[in-house]
Structures are given as structure tokens and as C-alpha cells.
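K.L.:
build the 3D model from these lines:
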Amino acid sequence: MELSRRTVMASAAAAGVAATALGGTAQASGAASGTTSGSRKPVKEPFGKLADGTKIYRWSLENGGTRLKVLNYGGIVQSLELPDRHGKYVNVSLGYDTIEEYVAGTTFFGATIGRYGNRIAKGKFTLDGKAYQVSVNDGENSLHGGAKGFNTRVWDIEPFTSGSDVGLHMHYTSVDGEMGYPGTLKTTVTYTLTARGDWRIDYEATTDKPTVANLTNHTYYNLAGEGSGTIYDHELTLAASRYTPTDAGLIPTGELAKVAGTPFDFRKAKPIGRDIRTAHPQLITAKGFDHNWVMDKGITAKPVLVATLRDPSSGRTLKIATDQPGLQFYSGNFLDGTLVGQSGRTYRQGDGLALETQHFPDSPNQPSFPSTVLRPGETYRTTTVHSFGV
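P.N.:
Numbers count the residues shown, from 1 in each chain. Down below sits the predicted model:
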């Protein structure tokens with residue numbers, strides 16, 4: 001039976017309740033580091049220009065001990081700074097120092113992903129009896145919206161303060177036919193830093209024609225610090241009893257396979273590196289973990305805890321709550337040592353990981369998966385909350 005793809009976006013109060021339910025604590029950075037954990041108004045500064053002269057800006061946010069820097073290019077999280085158990089701040093997200101590197105890059109570091117996060121087989125799907133061909137940019141498949149997805153677009157940004165929260169409203173209109181997708185999709189993505197240091201992402205979109213939509217964020221995390229080495233000793237927990245195996249092109253086969261007795265079982269915390277080199281066919285195909293986990297909770301009206309990540313060396317923790325039914329865990333398999341990050345160090349395989357909340361990959365071609373169809377008169381709404389602690 002097809003499930004409804006629409007989810008209900010939590011209100012600020014509901015998101016606060018969800019964050020509390022994560023069991024996280026506000027950043028205990030002030031006493032340890034001598035820095036304030038309070039909020040400050042968003043600060044805007046130049047970050048370079050595109051080849052056509054378009055000016056790119058960086059917005060800096062700080063609240064509850066969390067520091068976030070965001071570009072209007074791609075809605076990219078360029079930096080996420082968190083304190084360790086001793087109050088020492090480092091950037092825990094992979095990324096670059098210049099706009100030129102982001103434009104040339106193919107790794108989606110920190111980016112807002114759309115129209116369709118993850119893969120669509122051969123870039124083809126049929127909706128209401130009409131066949132569509134969207135941009136193909138991953139072998140024969142479409143990945144993260146195609147060759148010029150939302151990660152390459154310049155967003156209109158409105159900073160805001162609301163009570164004890166600070167944040168950014170980011171707007172982008174994707175016209176009918178862009179990258180082959182039907183309908184004009186008007187999109188707003190809101191980044192909020194709360195007084196407790198949580199980073200909340202609210203997605204909202206409407207369309208004037210039937211279309212498909214699946215938005216997410218592609219921040220790569222290394223809680224020990226960007227450029228510090230692999231994330232294989234990070235301990236991960238995922239609230240999922242099943243996952244979606246893939247074919248050689250990393251397209252789901254349609255099966256919802258049990259994780260029990262496989263390297264994909266993260267129901268109890270374990271180091272990411274423990275099983276990553278196991279000779280499991282799925283790990284061999286993906287060169288590590290690059291799969292969608294089916295959340296036991298399914299689609300929910302409010303964000304529910306689905307993932308916990310912990311770095312033993314620094315004590316930093318990340319807890320993710322979402323209303324979405326799936327989460328893509330990608331272990332940085334295709335980082336090959338050719339990219340240089342903000343630390344001046346190269347990024348090698350496993351030096352960062354992504355935890356992308358989502359509907360399932362290739363849903364437009366998988367009738368048994370939760371639907372990603374969005375129709376005129378409907379509003380796409382979904383929320384993900386990241387809570388940090390030590």
C-alpha cells in the first residue's frame with residue numbers, strides 16, 4: 001500500500017519538545033572555554049563571486065554554543081563549530097575555503113539537496129501516465145537533483161531572530177522543466193539555531209503541477225574535527241530494523257531487508273569501522289556504507305530520534321530527530337585524497353560521513369515505497385533537528 005509522502009512540519013514548540021526527547025544537553029561551552037553560549041544576530045560577509053559576477057555571501061550564526069556558517073550558494077553549511085569536553089571548538093563539517101572549490105566540487109559538501117535527494121534510476125519516472133526524463137549525472141542515474149541541482153543554485157536569504165532563536169530563511173524557485181522536473185517548485189528551507197544549540201532544518205515547498213520532491217541536507221560530519229582522520233572509531237546508532245539493498249548502480253532493488261545478523265545492524269551503538277570491511281556483497285558494491293535505512297518509526301507528525309553519533313576522542317555527540325521514514329548513511333567511500341579541506345589536509349576515504357534524512361531513493365519507480373509525489377494545493381513540509389552535546 002502506498003503511504004502518503006506528505007509530513008507535518010513541527011512548530012517551534014514541537015521541535016523544542018522533540019529536541020528535549022533526544023536526551024541531549026545544551027552546549028556546556030561557556031564555563032569551559034570562556035566564550036559565551038548566547039545568541040547573536042546573523043552576520044553577513046562576502047565569500048567571492050561566481051564566474052558570471054554573481055556575489056556570494058556567507059552568513060554566520062551563533063546560539064547555545066553552536067556556531068554555523070552558511071553560504072547563499074547551495075544553502076551550503078560551510079562550517080559547523082562545536083566544543084569538545086574541554087570546551088575547545090573545532091569545525092566538524094567537511095568543506096572548502098573558496099567558492100571556486102564549491103563550484104568545481106562533486107561531493108555536495110554541506111549542501112541543500114533537491115529537487116530529489118538521492119538517486120532516480122536512469123533519471124526516468126512516470127507520473128499520472130506521463131513519462132519524464134530528468135538530468136543524469138551519476139553514471140546512467142540521476143543523483144541529488146541532477147547536474148545543476150539545488151546545491152548549485154543561489155538562494156535568497158532572509159536572516160531572522162525570534163525570541164531566543166536565530167536563523168535564516170532561504171528561498172529558491174525551481175521553474176517548470178528545470179533539470180527535467182515538472183512544475184514550478186517554490187521552496188523555503190529554514191535553518192534555526194535554538195537557545196540550547198540545536199540546529200533545526202524546516203523544509204517547505206509548493207508546486208503548480210504534479211511533481212516529485214525529496215529534500216535533504218548533505219553535511220559531512222567528523223566529530224573529531226574536519227581533516228583529523230577517519231570516522232571509523234565514531235560510534236553510530238540507527239533506529240532501524242531494515243534497510244534497502246541496492247544494485248550495482250546503488251539503486252534500491254525494492255527489498256526491505258532485515259539488518260539482523262548483517263554489518264547493517266546499528267540498532268545498538270557500534271564503531272563504524274567494526275564491520276565496514278566485511279566481505280558483504282552490499283559493502284563491496286558501495287565500497288562501504290551508502291544505503292537507506294528504513295526507520296522503525298515510519299512517517300511521523302513530529303521529529304523522533306533516529307540516529308546518535310558519538311566521537312569517543314572528543315566526547316562530542318550528535319543526535320538526529322526527523323519526521324521522515326528514511327535515512328541515508330554514507331561513510332565517505334568516494335573521498336580519494338584529491339580534495340583539500342579547510343584544515344589544509346586532504347580528505348581520504350572515510351574521513352567524513354553523511355546522515356541524510358529522506359524519503360527512500362528511487363521512490364518514483366518503487367510503488368511499495370513511501371510516495372514522494374507532490375500535487376498542486378499540497379504543501380511539502382518536513383523537519384529535522386540536530387542536537388549536539390559532549
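K.L.:
how far is stretch 69-79 from where the chain is centred?
P.N.:
Mean-position distance between stretch 69-79 and its chain equals 13 Å (CA atoms, centre = their mean, to the nearest Å).
K.L.:
residue 287 contacts residue 336, correct?
P.N.:
No - using CB atoms under 8 Å, residue 287 makes no contact with residue 336, being 10.4 Å away. Every C-beta, even on glycine, is put in place using the N, C-alpha and C of the backbone.
K.L.:
contact partners for residue 259?
P.N.:
240-243, 265-267, 293 (CB atoms under 8 Å, 6 or more residues apart in numbering).
K.L.:
er, residue 341 I mean
P.N.:
The contact partners of residue 341, by CB under 8 Å, 6+ apart, come to 94-96, 226-227, 347.
K.L.:
quick one, phi/psi of it?
P.N.:
When read as degrees, to the nearest 10, the backbone of residue 341 gives phi -90, psi -170.
K.L.:
what about it, distance to residue 114?
P.N.:
With distances taken as CB to CB, to the nearest Å, residue 341 is found 25 Å from residue 114.
K.L.:
how confident was the prediction at residue 40?
P.N.:
Residue 40 is assigned 81 on the pLDDT scale.
K.L.:
would you state the helices of this protein in chain order?
P.N.:
With DSSP state H, the ranges of helices along the chain come out as 12-21, 30-33, 99-104, 281-286.
K.L.:
worst average pLDDT in the ones you listed?
P.N.:
Looking at the helices of the chain, the weakest mean confidence is helix 30-33, a mean of 34.
K.L.:
please identify which of the contacts of residue 259 is nearest to residue 55.
P.N.:
residue 293 (39.4 Å; CB to CB).
K.L.:
contacting residues around the closest one?
P.N.:
Residues in contact with residue 293 (CB under 8 Å, 6+ apart) are 238, 240, 242-243, 259, 264, 266, 326-329.
K.L.:
do residue 170 as well
P.N.:
70, 72, 75, 112, 155-158, 188-191.
K.L.:
which one of the residues you listed has the most neighbours?
P.N.:
Neighbours here mean other CB atoms under 10 Å. Within the contacts of residue 170, the largest count is held by residue 112, at 30 neighbours.
K.L.:
contact partners for residue 322?
P.N.:
295, 303-304, 306, 357, 382-385.
K.L.:
tell me which of those residues fall in strands.
P.N.:
Under the assignment DSSP state E, these contribute 295, 304, 306, 357, 382-385 to strands.
K.L.:
could you dump these to JSON lines with distance to residue 48?
P.N.:
Shown next, in JSON lines, are the ones in strands among the contacts of residue 322 (distance: CB to CB, whole Å):
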{"residue": "295", "distance to residue 48": "38"}
{"residue": "304", "distance to residue 48": "39"}
{"residue": "306", "distance to residue 48": "36"}
{"residue": "357", "distance to residue 48": "30"}
{"residue": "382", "distance to residue 48": "31"}
{"residue": "383", "distance to residue 48": "31"}
{"residue": "384", "distance to residue 48": "29"}
{"residue": "385", "distance to residue 48": "31"}
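K.L.:
residue 56: which of those residues is nearest?
P.N.:
residue 384 (24.9 Å).
K.L.:
who's in contact with that closest one?
P.N.:
By CB under 8 Å, 6+ apart, the residues touching residue 384 are 200-201, 217, 303, 320-324, 357.
K.L.:
same check, this time on residue 146
P.N.:
Contacts of residue 146 by CB under 8 Å, 6+ apart are 123, 134-137, 179-180.
K.L.:
ok so, going back, for residue 51, state which of the contacts of residue 259 is nearest.
P.N.:
Of those, the one sitting nearest to residue 51 (CB to CB) turns out to be residue 293, at 38.8 Å.
K.L.:
how far away is the closest one from residue 374?
P.N.:
Residue 293 is 23 Å from residue 374, by CB to CB.
K.L.:
could you do residue 356 as well?
P.N.:
The gap separating residue 356 from residue 374 is 19 Å, by CB to CB.
K.L.:
ok, now which ones touch residue 244?
P.N.:
By CB under 8 Å, 6+ apart, the contact list for residue 244 reads 252-257, 291-292, 294, 326, 360-361.
K.L.:
pull the contacting residues for the residue nearest to it when sequence neighbours are not counted.
P.N.:
If the residues on either side of it in the chain are set aside, residue 244 comes closest to residue 252, at 4.2 Å by CB to CB, 6 or more residues apart in numbering. By CB under 8 Å, 6+ apart, the residues touching residue 252 are 244-246, 292, 360-362, 366, 369.
K.L.:
sorry, back to before: are any of the contacts of residue 293 buried, and which?
P.N.:
For the contacts of residue 293, a burial check counting by 16 or more other CB atoms under 10 Å picks out 238, 240, 242-243, 259, 264, 266, 326-329.
K.L.:
just put these in TSV and tack on pLDDT and distance to residue 145.
P.N.:
Output for these, formatted as TSV (pLDDT from 0 to 100; distance: CB to CB, whole Å):
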residue	pLDDT	distance to residue 145
238	99	25
240	98	25
242	98	26
243	98	23
259	98	28
264	98	26
266	98	27
326	98	17
327	98	19
328	98	14
329	98	20
